[in-house]
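Q: Attaching a predicted model along with its sequence, questions to come.
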Amino acid sequence: MATLETAVASPSGAEAVDSLALGLPDFSSDVYKDAYSRINAIVIEGEQEAHDNYISIGTLIPEQAEELSRLARMELKHMRGFTACANNLGVTADMPFAKQFFSPLHQNFQTALGEGKVVTCLLIQAILIEAFAISAYHIYIPVADPFARKITEGVVKDEYTHLNYGQEWLKANLDTAREELEQANRQNLPLVRKMLEQVSADASVLQMEQEDLMADFLSSYQEALVEVGFTNREIAKMAAAALVG
Amino acid sequence: MFGLIGHSTSFEEARHKARSLGFEEYADGDLDMWCSAPPQLVERVSVSSPTGKTIQGAYIDSVFVPEMLRRFKTAKRKVIKAMELAQKSGINITALGGFTSIIFEDFNLLKEERVSATALDWQRFTTGNTHTAWVICRQVEENASKLGINLATAKVAVVGASGDIGSACCRWLQRSGVAELLLVARRPQPLVDLQASLGSGRILALEEALAEADVVVWVASLPQGLTIEASSLRKPCLMVDGGYPKNLDSKVVSDDVHVLKGGIVEFWQDIGWQMMEVAEMAKPQRQMFACFAEAMILDFEARHTNFSWGRNNISLESMDWVGEASLRHGFRALGLEQASPPSPGAVPAAV
């Protein structure tokens, strides 16, 4: 029910036009390359860990091992694509930073794996990380260099397949998985926000704003949980763990 | 299925609502947290028309609050995300309530490239402005006579005349035979254009128009710090507050000035929903914003299209159509006898 001429809306609208007119970042600048060395490393490390994680999950559900290994191979392909993106810009990915960046989530995954907790493993890899990747890639695509843009567009399509895999498995097993899912959510969702905060300055250089990343991630995450079979109210509460945790 | 996208009227109110609905985590969160929070499908309802037709609907809270208006990107994202959620929930026609349609139009979201990963189907959304304009006009016509104001000899001021709703009201009231339209808006050129298209109406400053008007239709947000001298108004005076938020009744208190909440309709029977409790409706189980009712009407009529869209596209024909459908499906415009009296503690603005 719009009424009118909006004293409030117009001034901020005018400001925004200026910021939009700024256009794409300077991909060849040192500032950009420096930030890119860490963001790109995170993506490469993320794809590598995704590969390893899917192979590991296959050991917990052997009847799915073949399908999981197919997903894992896709992640390796993505990793090579993103490595090419760094080469294209003449950037060396800061892999030690990326390993450190992923270590809390990596540790939680390894602990769950050791305990045979397939639900937790799937939540971390197939839901949390995939939902995050999808939303981050979507935000990245419009501000990426032309080479990386093409690679990333191809990757996003695959990641939906992976998210879908996790959703379907958890949906089929929701009755027994519910409690563990809620606990895994509480343990791991706050980590995503902390990880985001760590790289917000670098992401901002790439013209990806933290608030957008968080909001888009939570939307994708919520959608995935709807598919799994949680009610809207349950999901709102679960998602809040990312915001206040 | 119909959908309604709404939001709280303030951050404080939003937190209060979150607490009352059992979302403690949100109630305790700060504004930054709310900026990142995704939209929520809060409630599903089933609504039946006197024709016997029953439709299903959903209320989506965009988790936007007016405090976010200064954060352009946040406000934009809130609206788009809520629309995405509506579309993904399979809703055929969704009304953009409160500030959401203002943000959509004023920030030109339609023209934005790549606002989102999801391709939004604009056909699934309506601003609801056609029905809002019709309801406001109906409120003028029905209530003026109750106060002894004869529209055929009356002057009607439209504040915000060049806006989407305001211009539609002007065209309707002109056809209804109002003696004279007094046209008020902040920007001069659109007013001149409107006057030319109407072929009548007098452009005035707000104060000048208020001094002459028997009826004042407000479809503008009130300027901050606005004071209205009750003594300078004509007696009686009917004021229809079609702005958002509706705070005109706090500006004018006088026995001969009758302020009516504009663009509000009452349904013929109770709807089992919670959402209007917080919109400060006098009868929250039956009353709602006319823009929301438009989505219901379109769904009742199986007319799943962006009926109200863009700016200044509202025709008299579409107002006629939505008005007839509104009555057929059990809506009626809020009238003076239903309006809540001014609170006893209110201080007259003119004092």
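A: Now that the structure is in, tell me what you want to look at.

Q: Would stretch A:232-245 count as contacting chain B?
A: Yes - using C-beta under 8 Å from any C-beta of the partner chain, stretch A:232-245 comes into contact with chain B via A:232-233, A:236-237, A:239-241, A:243-244. Where you see a C-beta, it was placed from the backbone N, CA and C, and this is true even at glycine.

Q: After the least confident helix or strand in chain B by mean pLDDT, which helix or strand is next?
A: Lowest by mean pLDDT, DSSP states H and E among the helices and strands of chain B is helix B:99-106, with a mean of 81. Counting by DSSP states H and E, the next helix or strand C-terminal to helix B:99-106 is strand B:125-126.

Q: Can you list the neighbours in contact with that next one?
A: Here strand B:125-126 makes contact (C-beta atoms under 8 Å, 6 or more residues apart in numbering or on different chains) with B:83, B:86, B:93-96, B:291, B:294-295, B:298, B:305-309.

Q: OK, contacts around residue A:68?
A: Residues near residue A:68 by C-beta under 8 Å, 6+ apart: A:54-55, A:57-58, A:61.

Q: Could you identify the most distant pair in those?
A: A:55 and A:61 (11.9 Å; C-beta to C-beta).

Q: Checking the nearest residue to residue B:121 once chain neighbours are set aside next. Helix, strand or coil?
A: Once flanking residues are discounted, residue B:121 sits nearest to residue B:87: 6.3 Å by C-beta to C-beta, 6 or more residues apart in numbering or on different chains. Judged by DSSP: H, G, I helix; E, B strand; the rest coil, the three-state class of residue B:87 is helix.

Q: what about residue B:87, distance to residue A:26?
A: Distance of residue B:87 to residue A:26, given as C-beta to C-beta, to the nearest Å: 36 Å.

Q: Which helix or strand contains the residue nearest the centre of chain A?
A: Nearest to the mean C-alpha position of chain A, counting by C-alpha atoms, centre = their mean, stands residue A:132 at 1.9 Å. Taking DSSP H and E as the criterion, residue A:132 maps to helix A:130-140.

Q: how about residue B:93, phi and psi?
A: phi -140, psi 120 (degrees, to the nearest 10).

Q: Is it in contact with residue B:304, as I believe?
A: Yes - when contacts are counted by C-beta atoms under 8 Å, residue B:93 is listed as touching residue B:304 (5.1 Å).

Q: more crowded one of the two?
A: Between residue B:93 and residue B:304, counted using other C-beta atoms under 10 Å in any protein chain shown, the more crowded position is residue B:93 (28 against 16).

Q: what's near enough to touch that one?
A: So residue B:93 contacts B:2-3, B:124-126, B:295, B:298-299, B:303-305, B:307 (C-beta under 8 Å, 6+ apart).

Q: Quick check: bridge partners of it?
A: Beta bridges link residue B:93 to residue B:2 when assigned by DSSP bridges.

Q: any idea how far it is from chain A?
A: Distance, residue B:93 to chain A, by C-beta to the nearest C-beta, to the nearest Å: 15 Å.

Q: coming back round to it: what sits closest to the residue nearest to the centre of chain A if chain neighbours are left out?
A: Closest residue in space to residue A:132, ignoring its immediate chain neighbours: residue A:217 at 5.0 Å, by C-beta to C-beta, 6+ apart.

Q: Alpha carbons of the host helix or strand of that neighbour, as CSV, please.
A: Element membership of residue A:217, judged by DSSP H and E, is helix A:210-228. Coordinates of each C-alpha in helix A:210-228 appear next as CSV, following Å, rounded to 0.1, in the frame of the first residue of the first chain:
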residue,chain,number,x,y,z
GLN,A,210,29.0,-8.8,4.8
GLU,A,211,25.3,-8.0,5.4
ASP,A,212,24.4,-9.2,2.0
LEU,A,213,26.4,-12.3,2.4
MET,A,214,24.9,-13.1,5.7
ALA,A,215,21.3,-12.3,4.6
ASP,A,216,21.6,-14.3,1.4
PHE,A,217,23.2,-17.2,3.2
LEU,A,218,20.4,-17.3,5.8
SER,A,219,17.8,-17.2,3.1
SER,A,220,19.4,-20.2,1.3
TYR,A,221,19.9,-22.0,4.6
GLN,A,222,16.2,-21.4,5.6
GLU,A,223,15.1,-22.7,2.2
ALA,A,224,17.1,-25.8,2.6
LEU,A,225,15.6,-26.4,6.0
VAL,A,226,12.1,-25.9,4.6
GLU,A,227,12.9,-28.7,2.1
VAL,A,228,14.2,-30.9,4.9
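
Q: Only alpha carbons, please: show the helix or strand that that helix is followed by as PDB.
A: Later in the chain than helix A:210-228, the nearest helix or strand by DSSP H and E is helix A:232-244. Extracted C-alpha coordinates of helix A:232-244, given in PDB (Å, rounded to 0.1, in the frame of the first residue of the first chain):
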ATOM      1  CA  ASN A 232       8.900 -22.000   9.500                       C
ATOM      2  CA  ARG A 233       8.900 -21.300  13.200                       C
ATOM      3  CA  GLU A 234      11.500 -24.000  13.900                       C
ATOM      4  CA  ILE A 235      13.600 -22.600  11.100                       C
ATOM      5  CA  ALA A 236      13.400 -19.000  12.300                       C
ATOM      6  CA  LYS A 237      14.700 -20.200  15.700                       C
ATOM      7  CA  MET A 238      17.400 -22.200  14.100                       C
ATOM      8  CA  ALA A 239      18.600 -19.400  11.800                       C
ATOM      9  CA  ALA A 240      18.700 -17.000  14.800                       C
ATOM     10  CA  ALA A 241      21.600 -19.000  16.100                       C
ATOM     11  CA  ALA A 242      23.700 -17.500  13.300                       C
ATOM     12  CA  LEU A 243      22.700 -14.000  14.200                       C
ATOM     13  CA  VAL A 244      22.900 -14.000  18.000                       C
END
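
Q: thinking again about what came up before, more neighbours: which of residue B:87 and residue A:26?
A: Taking other C-beta under 10 Å, residue B:87 and residue A:26 do not tie; residue B:87 has more neighbours (18 against 10).

Q: residue contacts, the more buried one?
A: Shown in contact with residue B:87 (C-beta under 8 Å, 6+ apart): B:94, B:118, B:120-121, B:124.

Q: and residue B:170, what is it in contact with?
A: So residue B:170 contacts B:158, B:161, B:181, B:183, B:194, B:198, B:201 (C-beta under 8 Å, 6+ apart).

Q: Switch these over to a markdown table; also include pLDDT, neighbour count and distance to residue B:254.
A: A markdown table is the format used below for these (pLDDT from 0 to 100; neighbours: other C-beta atoms under 10 Å in any protein chain shown; distance: C-beta to C-beta, whole Å):
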| residue | pLDDT | neighbour count | distance to residue B:254 |
| --- | --- | --- | --- |
| B:158 | 98 | 34 | 21 |
| B:161 | 96 | 30 | 24 |
| B:181 | 98 | 26 | 24 |
| B:183 | 98 | 25 | 24 |
| B:194 | 97 | 23 | 30 |
| B:198 | 97 | 16 | 30 |
| B:201 | 97 | 22 | 27 |
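
Q: Nothing else from me, thank you.
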